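Q: Show me how the following folds:
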Amino acid sequence: MATKSPAKNEKKFTREEKSWILYDWANSVYATNILAVIFPIYFGNVCQQNGADNLVLWSYGTSISTFVVAILAPVLGALADHKGHKKKLFAAFLAIGVGFTLVSALFGEYRMLLIGYVLSHIGFSGSCLFYDSFLTDVTTNERMDRVSSWGYAMGYIGGSTIPFVISIVILLVMGMENMLAFKLVIVLTSLWWAVFSIPFLKNVRQVHYIEAKKNLVRSTFQNLVRTAKDIFSQKHIFLFILAYFFYIDGVGTIISVSTSYGSKLKLDNISMILALLMTQIVAVPFSILFGRLAERIGALRALCGAVGVYFFICLVGFYMGFNIENHPDDLSARTLSLVLFWCMAFLVGTVQGGIQAISRSHFGKLIPPERSNEYFGFFDIFGKFAAVIGPLLVALFTQLTGRDSIGVISLAILFLLGFALLLAGQRQAKQGGRAA
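A: The predicted structure is shown next:
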């Protein structure tokens, strides 16, 4: 099926590219308000009122939701590659995510909030699986790094910064102790996500596909088995996915537990929110710059640099908690840890968008476009199973040692493994004559 292919140096985005980019603008409000900042604070406050451990519950909830999507991803991916199915599946998971986020505003009991979070997270993650795979439908290989990076950049501007600022204003005006303020922020998140998803639903089409066969179920599983064999037989793809499995585990865990970690250390809520706002602002130019860097030095080299920064972030996060754990009543120790939280937030902003954008676009260039959903299904299962392991490590090490800082430093191992596998993949790409 033919589609308009913009030239590599064409500066203007096509309507399809713009609509695809806009979904990052739409869904990033969930990643910021629900996964990273506002909802974890709300959930933490409710848990503390009931004597429950919010960090452990939040980590287990994240593990459960990502595990469900990880199990479903390859099968759904293989099904979505058949003509006419990708858009329908995307819309279904979008509805689940938006719907259960909105439902979470109706409850004030921590168990019900956890259930709403798990179900909405499943919807969010499922929609992102199909969204990522649509990248091969809306643009060309030569423009993928640029389009993917701009998606993350626009997500930080529109999906994160603007509604995040509105959310902060609501909380400051109504008060951080006012539960109604948090509920209004949850409603805002649902509406923003739904409204700005409309252009994607209207303009993005499945260009590359496999013709649907009479026995769709059999065809789906046959394609699933074939793709699995192809991935394991192509060493450069397998090494990259394996590296992604480890380093994206750490990235996702840092995003999902950072605020809960800070709350557990009793850092100031307003200061943490403002620090994470800075993360979103810093991430806008750095996401775009990261795309340019990848074009200049190669995607794998750029990713290695980002993983190195994340390793350092783990060390900062460890000392932030270690400092308070050893001086729990020392005001100067708490002040130092808050400063370290700001430093960590800035560092995350320099690489968070870039590492995700270039991982997505680099993988998109490695795979056949007509089977993008099958491949992205496996790409997603590696990422989601990693997201199960990361929070689980934090929860287990925290419970076993009684120290949150030990749970955080355990993530450094994942970045070391990811870095080593990226280097191996880079050598493999050079041997195969592929661009690194």
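
Q: pLDDT weak spots in the stretch 51-200 of the chain?
A: Applying pLDDT under 70 to the stretch 51-200 of the chain flags the ranges 159-160.

Q: where do the helices sit along it?
A: 54-80, 86-104, 110-133, 135-138, 144-154, 162-174, 179-195, 198-203 (DSSP state H, counting those that start in this stretch).

Q: and of those helices, who's closest to Ser332?
A: Ser332 lies closest, by Cβ to Cβ, to one member of these: helix 54-80, at 24.5 Å. Using the backbone N, CA and C atoms, a C-beta is placed for each residue, glycine as well.

Q: show me what contacts Gly151?
A: By Cβ atoms under 8 Å, 6 or more residues apart in numbering, the residues touching Gly151 are Trp20, Ile21, Tyr23, Asp24, Ala357.

Q: if we go to 7 Å?
A: By Cβ atoms under 7 Å, 6 or more residues apart in numbering, the contact set of Gly151 is Trp20, Ile21, Asp24, Ala357.

Q: cool, Leu414 as well?
A: Taking Cβ under 7 Å, 6+ apart, one finds Phe246, Tyr247, Asp249, Gly250, Gly390 in contact with Leu414.

Q: for those residues, which one is nearest Gly305?
A: Tyr247 (11.7 Å).

Q: Tell me which residues of the helix or strand hosting the closest one come out buried.
A: Assigned by DSSP states H and E, Tyr247 belongs to helix 235-264. Neighbour-count burial for helix 235-264, counted by 16 or more other Cβ atoms under 10 Å, picks out 236-264.

Q: residue contacts, the residue nearest to Asp81 when sequence neighbours are not counted?
A: In this structure, Asp81 finds its nearest non-sequential neighbour in Asn373, 4.4 Å apart by Cβ to Cβ, 6 or more residues apart in numbering. Residues in contact with Asn373 (Cβ under 7 Å, 6+ apart) are Gly77, Ala80, Asp81, Lys86, Phe130, Ser133.

Q: how does it look with 6 Å?
A: Gly77, Ala80, Asp81, Lys86, Ser133 (Cβ atoms under 6 Å, 6 or more residues apart in numbering).

Q: Over to Ser167?
A: By Cβ under 6 Å, 6+ apart, the contact list for Ser167 reads Asn33, Ile38, Val185.

Q: What residue, apart from its backbone neighbours, is nearest it spatially?
A: Spatial nearest neighbour of Ser167, chain neighbours left out: Val185 (4.4 Å); criterion: Cβ to Cβ, 6+ apart.

Q: burial of the one you found, as a residue count?
A: Counted with other Cβ atoms under 10 Å, the neighbours of Val185 add up to 25.

Q: and it, how far is that from Met174?
A: 10 Å (Cβ to Cβ, to the nearest Å).

Q: Could you identify the longest helix within the protein?
A: helix 331-366 (DSSP state H).
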